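Peer 1: return a 3D structure for these sequence lines:
(one chain, ligands or ions: 2)
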Amino acid sequence: MFPDRVVSGMRPTGTLHLGHYHGALKNWVKMQSELPCLFFVADWHALTTHYDDPSIIEKSTWDMLIDWLAAGVDPAKATLFIQSKVPEHAELHLLLSMATPLGWLERVPTYKDQQEKLADRDLATYGFLGYPLLQAADVLIYRASLVPVGEDQIPHIEMMREIARRFNHIYGKEKGFEEKAQEAVNKLGGKRAKTYEELRTAYQERGDEAALEQAKALLEEAQSLSTEDRERLLGYLVGSRKQILTEPQARLTEASRLPGLDGQKMSKSYGNAIGLREDRESVVKKMRTMPTDPARVRRTDPGNPDKCPVWQLHKVYSDEQTKDWVVKGCTSAGIGCLECKQPVIDAVLKEQEPMRERAQKYLDDPSLMRAIVADGCDKARKLAQETMRDVREVMGLSYK
Ligand code: TRP
Ligand code: SF4
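Peer 2: Ligands and ions are numbered 1, 2, ... in the order given. Sure thing, here's the model as predicted:
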């Protein structure tokens, strides 16, 4: 009905690390070649938890955008923008809030989790409760079908699906829907119209799924139908509602989670991270001094790769041959730890090289990036306005 579209966002956290690259950005870069993608900086979402610290938002936003471009997000393929520059997100958030039961928001697991985790902040706020609803607006406003996210975000996607379903149920009830649908059936023409009616009956009376599929195919093929009539007839097949918002699906990021220098999940707050475009000397130094299997006190002590964070990095960065070499060399004390680290150090530097290069262009001339983002904001805004026109209309706000 609506073209497949991908939407995802990140809160502005400042410069990113290689964990963000392996956990999210690599996936974005892959998807941008497959489908139309919109990627945005969720600056309002940052304010839901850090409303008392607005000074960091703007710099974090630009730093993060440079990192996206450095990672290979390509503005010629994907649309990059800043959430607050498309105020329609806020309008949809408000309108959705009218029909969103409080219980849905209170039950989202991140609500209590984050309140406990960020205990130093007062998160008993209206804005924080609305976090997932704002996120729903971010996605639904583009009628996106796919949302690449990590596992922790699945409940948010579930909730936005419910929100879309409920919205269509309440507001998809078009005045005179049955009559308009009947007129559209007539427009299909004698034989086709008859087949459509038969298939619809087969599905509605006997739950015949094959008939439903056949009817959808029939509508695809009926070229003379207007988009509106096609949407009506699709809705008429399954019930008596027009589909105004699309129910999106989560696209889980492949589980290639990059461990940090100490073997725990890579995170800025654990101090175990390697920056996406950290300079070479600093990367080499961090990796040369990173811990290894504590049992290898002397060079002659054999080690166990499973107890070593360097081995976890080999699992991400090394080929089979190198990994063989590590296991044999480590368990027999045949290689030293510095020697063992070298292939990983080389691989990380090699991965970062094109990122540093791409970033340099934007660091030298920040106006380039601002132009990309201004253009992205315009494009996103046009799409958002299209949806808002429909939303306002069904909610009685079109004032024609
Ligand atoms: N909540 C997301 C996170 O913390 C960020 C986000 C905001 C988002 N809006 C979104 C992600 C819309 C996907 C789609 O990672
Ligand atoms: Fe770790 Fe390699 Fe040293 Fe073994 S040889 S302890 S895997 S760094």
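Peer 1: what strand or helix carries the residue of the chain positioned farthest from its centre?
Peer 2: Seen from the C-alpha centroid of the chain, the residue lying at the greatest distance (CA atoms, centre = their mean) is Thr300, 47.7 Å away. Thr300 belongs to no helix or strand when assigned by DSSP states H and E.
Peer 1: where along the stretch 101-250 of the chain do the strands fall?
Peer 2: 146-149, 249-252 (DSSP state E, counting those that start in this stretch).
Peer 1: break the protein into its domains for me.
Peer 2: As recorded under automatic domain parsing, the domains making up the chain are 6-172+248-256+366-394, 177-238, 277-363.
Peer 1: how near is Lys194 to ligand 2?
Peer 2: 72 Å (CB to the nearest ligand atom, to the nearest Å). Where you see a C-beta, it was placed from the backbone N, CA and C, and this is true even at glycine.
Peer 1: want to try CSV for the domains of the chain, with mean pLDDT as columns?
Peer 2: Shown next, in CSV, are the domains of the chain (pLDDT from 0 to 100):
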stretch, mean pLDDT
domain 6-172+248-256+366-394, 94
domain 177-238, 88
domain 277-363, 97
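Peer 1: mind putting those in TSV, distance to Gly263 included?
Peer 2: Shown next, in TSV, are the domains of the chain (distance: least, CB to CB, whole Å):
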stretch	distance to Gly263
domain 6-172+248-256+366-394	13
domain 177-238	49
domain 277-363	4
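Peer 1: need those in CSV (columns: distance to ligand 1).
Peer 2: What follows is the domains of the chain, written out as CSV (distance: least, CB to the nearest ligand atom, whole Å):
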stretch, distance to ligand 1
domain 6-172+248-256+366-394, 3
domain 177-238, 25
domain 277-363, 21
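Peer 1: hang on, the earlier thing: was I right to think the residue farthest from the centre of the chain contacts Ser332?
Peer 2: No - contact criterion CB atoms under 8 Å: Thr300 and Ser332 do not qualify, at 10.5 Å.
Peer 1: and the closest residue to Pro109 other than its chain neighbours, how many neighbours?
Peer 2: In space, and not counting its chain neighbours, Pro109 is closest to Pro155: 5.5 Å by CB to CB, 6 or more residues apart in numbering. Pro155 has 16 neighbouring residues, counting by other CB atoms under 10 Å.
Peer 1: where do the helices sit along the stretch 101-250 of the chain?
Peer 2: 102-107, 109-117, 126-129, 131-140, 154-171, 177-187, 190-206, 209-221, 227-238 (DSSP state H, counting those that start in this stretch).
Peer 1: quick one, which of those helices is packed in tightest?
Peer 2: helix 131-140 (a mean of 25; mean count of other CB atoms under 10 Å).
Peer 1: give me the distance between Ala76 and Gly19.
Peer 2: 27 Å (CB to CB, to the nearest Å).
Peer 1: who's more crowded, these two?
Peer 2: Shown here are Ala76 and Gly19; by other CB under 10 Å, Gly19 has more neighbours (20 against 6).
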